[in-house]
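[1] 3D, please:
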Amino acid sequence: MNVIEQIFTAATLAVILMKVAPILLAAIGGAFTQQGNILNIGLEGMMLAGAFTAIAVGSTTGNALVGVLAAVGAGLLFAVIFAVATLIFKADFIVVGIGINLLAVGVTVFLLHIIYGNPGVTPPSASITLPRISIGPFADIPILGVALNDQTALVWLALLSVPAAAFVLYRTTYGVHLRAVGEDEEAAAAAGISVTRIKFLSVLISGALCGAAGAQLAMATLGSFTNGMTSGRGFIAVAALTFGLARPVRTMVAALIFGAAEAVADLLGIAGMNSNLTLMMPYVITIIALVFAGMRFRKLWSARRSGRASTPGGELSTAPV
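    Just a heads-up that it's a prediction; the model follows:
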């Protein structure tokens with residue numbers, strides 16, 4: 001009972017928010033590409049590139065903000081590679097996404113070795129953390145105030161990205177065009193929408209958010225970079241956005257589930273309990289979510305094909321589904 005009481009506290013909620021932030025940022029970025037019918041498997045690699053760049057640039061300049069901006073730039077660079085390969089040269093999205101992930105691992109290990117002489121981790125001299133934001137008297141609010149107090153700016157960015165994404169997707173011309181492209185690309189093109197431009201921008205948005213996610217992951221507490229430190233969080237973000245149907249609020253709820261499992265696992269380990277089972281939970285949930293997503297996409301594809309099937313008179317229907 002004492003262990004349970006130690007886990008379910010306001011401090012635990014604060015840890016959950018810290019753990020959720022990188023997953024949520026990447027998932028919201030992936031939700032944009034998914035709305036345009038692009039499953040961005042490269043979220044993991046974009047996050048990893050952002051994490052390394054945040055530490056490398058931030059520690060060199062001694063400025064956390066510069067490190068975050070550099071991380072966003074790294075995410076954008078990998079996003080451009082992804083977009084050019086898939087949208088300009090028409091390569092397969094999944095194959096390119098896997099390539100982005102492998103490229104990020106290779107580049108970060110190479111730069112670790114070249115710059116720091118250690119392919120595993122940055123040295124203590126190359127360390128920088130994000131400043132914490134105090135919410136002043138609001139910190140006295142029970143539970144929520146304690147949880148939100150002294151969080152990084154990127155945690156707040158992650159939370160604000162949900163209503164911002166909802167506004168962009170459902171209240172702006174770009175959002176309407178992006179969803180139209182994702183629903184029926186040919187019909188959108190016939191309506192005069194630049195499909196490539198719309199999709200390209202969605203990939204850039206995902207890259208920028210993944211870069212920020214990497215910065216939060218590396219600079220929130222550790223202040224250093226470790227080889228492969230994303231540890232599958234990009235794939236968890238893919239599962240979160242898939243589980244949430246690429247809708248901002250639902251995606252946030254899914255990200256909270258994954259982040260909570262990770263935070264509880266850490267706390268169980270601190271309490272001296274075997275947390276291996278809990279550490280498995282995010283990945284087990286990821287597999288389950290992707291299985292259900294595959295079933296759902298198969299049903300949607302079957303429904304779309306049946307909608308284009310022959311009419312009672314025998315002619316093909318060209319109406320978009």
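[2] can you check the pLDDT for residue 5?
    Note on residue 5: pLDDT of 50.
[3] again, but for residue 136
    On the pLDDT scale, residue 136 is placed at 89.
[4] all helices for the stretch 1-150 of the chain, in order.
    Using DSSP state H, counting those that start in this stretch, the helices of the stretch 1-150 of the chain run over 2-7, 10-35, 43-61, 64-83, 93-111, 144-148.
[5] so which of those comes closest to residue 155?
    Closest approach to residue 155 among the helices of the stretch 1-150 of the chain (CB to CB): helix 10-35, 4.5 Å. Bear in mind the C-beta positions are built from the backbone N, C-alpha and C, glycine included.
[6] what comes up buried for the one helix or strand residue 258 maps to?
    For residue 258, the host element (DSSP states H and E) is helix 248-270. Buried residues in helix 248-270, counted by 16 or more other CB atoms under 10 Å: 248, 250-252, 254-268.
[7] and stretch 187-201, end to end?
    One end of stretch 187-201 to the other measures 19 Å (CA to CA, to the nearest Å).
[8] what's in contact with it?
    Residues outside stretch 187-201 that contact it (CB atoms under 8 Å, 6 or more residues apart in numbering): 33, 36, 38, 83, 87-88, 174, 177-178, 180-181, 185, 320.
[9] ok, 10 Å please
    With CB atoms under 10 Å, 6 or more residues apart in numbering as the test, stretch 187-201 has contacts from 32-33, 35-38, 79-80, 82-84, 86-88, 173-182, 184-186, 318-321.
[10] filter those residues down to the buried ones, PyMOL style.
    In PyMOL, this line selects whichever of those come out buried by 16+ other CB under 10 Å:
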select buried, resi 32+33+35+36+37+38+79+82+83+86+87+175+177+178+179+180+181+182+184+185
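[11] give me whichever of the helices of the stretch 1-150 of the chain is most buried.
    Mean neighbours per residue, mean count of other CB atoms under 10 Å, is largest over the helices of the stretch 1-150 of the chain for helix 43-61, with a mean of 28.
[12] helices or strands up against that one?
    helix 10-35, helix 64-83, helix 93-111, helix 195-219, helix 233-243 (3 or more CB pairs under 10 Å, 6 or more residues apart in numbering; DSSP states H and E).
[13] tell me how far that helix lies from the chain's centre.
    For helix 43-61, the distance from its own C-alpha centre to the chain's C-alpha centre is 15 Å (CA atoms, centre = their mean, to the nearest Å).
[14] quick one: mean pLDDT for it?
    On average, the pLDDT along helix 43-61 is 97.
[15] next, the angle from that helix to helix 93-111.
    Compare the direction of helix 43-61 with that of helix 93-111 by axes from the mean of the first three to the mean of the last three CA atoms, to 10 degrees and you get 30 degrees.
[16] and the angle for helix 43-61 with helix 195-219?
    60 degrees.
[17] what angle separates helix 43-61 from helix 233-243?
    130 degrees.
[18] quick one: pLDDT of the residue nearest to residue 142 when sequence neighbours are not counted?
    Once flanking residues are discounted, residue 142 sits nearest to residue 10: 7.6 Å by CB to CB, 6 or more residues apart in numbering. Per-residue confidence (pLDDT) for residue 10: 71.
[19] list the contacts of residue 10.
    By CB under 10 Å, 6+ apart, the contact set of residue 10 is 141-149.
[20] if we take these, which one ends up nearest to residue 228?
    For the contacts of residue 10, the closest approach to residue 228 (CB to CB) belongs to residue 147, at 29.2 Å.
[21] so residue 221: helix, strand or coil?
    Secondary structure, DSSP: H, G, I helix; E, B strand; the rest coil: residue 221 is coil.
[22] that one touches residue 130, doesn't it?
    Yes: counting by CB atoms under 10 Å, residue 221 touches residue 130, with 9.0 Å between them.
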